[in-house]
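K.L.:
From the sequence below, what's the structure:
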Amino acid sequence: MLRRVTLPVLALAALTSCAALNPVEPATPGAALIGSWDNLAQMAAAPDDLKRQPTIGGAWLDAQYATFHAVHTPALAGPHEQSIYLVWRKDGPYGPISRQRLWVFRPQKDGGLIMDFYAFKTPEILANLSPTAPAFGALTPEDLISYGPACSLPVIRTTRGWTASIPPSCTITATRSGRRMTLSATLTLTGGTFSYEEKGVLESGDLAFKVPGGPAYVFNRKGPAS
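P.N.:
A predicted model of the protein is given here:
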């Protein structure tokens, strides 16, 4: 009788042990972003003198609501690569759009991962579309502003997420102003928290922009992307 009771227990223990040795594969860095996020907790904790409109060279922080969607872009991403379309809105989920980008995560032959980022030449066309809209599948490199391989971000996996930074070699000519500048940005995802900061420095050493003007945005995950 003892043997009959013990065998199922041993079998369960073995299964549990196997599960511990073979944990569920974590989400890819791109997939880990998918959903809706906001920085309302950061805004609530920020000092009042930081909560002001963006200015160049001044310290500021504003409320942002971000959504990240997986989109199918066959002309831009291969079968093992992942495209993420992001929309940030100021002050709330229905506020004015402050940022639209396409981030493409690309596995490398050496086992590493990079992220390429793109701006849209006509972002208003995509502004209110579903991520399954045919317009995303029809995107080509000619529809985007690319910053080239010198600006690709190496993505480093961490225990609870990943981090990525634009390398120092990333120098661009701004499309609107024609000014040469060096870009830098740091993105970090840890569990349900995502931080982001970016800046451009002119050849003179002067600051072209810094987003945000104070500490990095700190977003908390709110739920699925709507």
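
K.L.:
Could you check how far the residue nearest to the spatial centre of the chain is from Leu144?
P.N.:
Nearest residue to the geometric centre of the chain (C-alpha atoms, centre = their mean): Leu33, 6.2 Å. Counting by C-beta to C-beta, to the nearest Å, the gap from Leu33 to Leu144 is 19 Å. In this view, the C-beta of every residue, glycine as well, is placed from N, C-alpha and C.

K.L.:
beta partners of Gln82?
P.N.:
Phe105 (DSSP bridges).

K.L.:
Look up how far Val104 lies from it.
P.N.:
The value you get for Gln82 to Val104, if C-beta to C-beta is used, is 7 Å.

K.L.:
what's the answer for Ala133, then?
P.N.:
Ala133 is 18 Å from Val104, by C-beta to C-beta.

K.L.:
More neighbours: these two, which one.
P.N.:
Val104 (21 against 13; other C-beta atoms under 10 Å).

K.L.:
wait, what's in contact with that one?
P.N.:
73, 76-77, 81-84, 115-118 (C-beta atoms under 8 Å, 6 or more residues apart in numbering).

K.L.:
Please flag which of those residues sit within strands.
P.N.:
82-84, 115-118 (DSSP state E).

K.L.:
Now the residue lying closest to Leu153 once chain neighbours are set aside: which helix or strand?
P.N.:
Nearest non-adjacent residue to Leu153, counting by C-beta to C-beta, 6 or more residues apart in numbering: Ala164, 4.0 Å away. Assigned by DSSP states H and E, Ala164 belongs to strand 161-165.

K.L.:
hmm, back to that, report the buried members of the contacts of Val104.
P.N.:
73, 76-77, 81-84, 115-118 (16 or more other C-beta atoms under 10 Å).

K.L.:
Can I get those residues in TSV including pLDDT and distance to Val155?
P.N.:
Output for the buried ones among the contacts of Val104, formatted as TSV (pLDDT from 0 to 100; distance: C-beta to C-beta, whole Å):
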residue	pLDDT	distance to Val155
Thr73	98	18
Leu76	97	17
Ala77	97	15
Glu81	97	12
Gln82	97	11
Ser83	98	14
Ile84	98	12
Met115	98	5
Asp116	98	11
Phe117	97	12
Tyr118	97	16
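
K.L.:
For Asp49, state which of those residues is nearest.
P.N.:
Phe117 (31.5 Å; C-beta to C-beta).

K.L.:
Give me the neighbour count for the closest residue to Ala133 other than its chain neighbours.
P.N.:
Residue nearest to Ala133 in three dimensions, not counting chain neighbours: Leu126, with 7.8 Å by C-beta to C-beta, 6+ apart. Neighbours of Leu126 under the rule other C-beta under 10 Å: 20.

K.L.:
Give me the phi and psi for Leu126.
P.N.:
When read as degrees, to the nearest 10, the backbone of Leu126 gives phi -100, psi -10.

K.L.:
And for Thr173?
P.N.:
phi -110, psi 120.

K.L.:
Equivalent analysis for the one 4 residues further on, please.
P.N.:
Ser177 adopts backbone torsions of phi -90, psi -20, taken as degrees, to the nearest 10.

K.L.:
same check, this time on Gly112
P.N.:
Taking degrees, to the nearest 10 as the convention, Gly112 sits at phi -80, psi -170.
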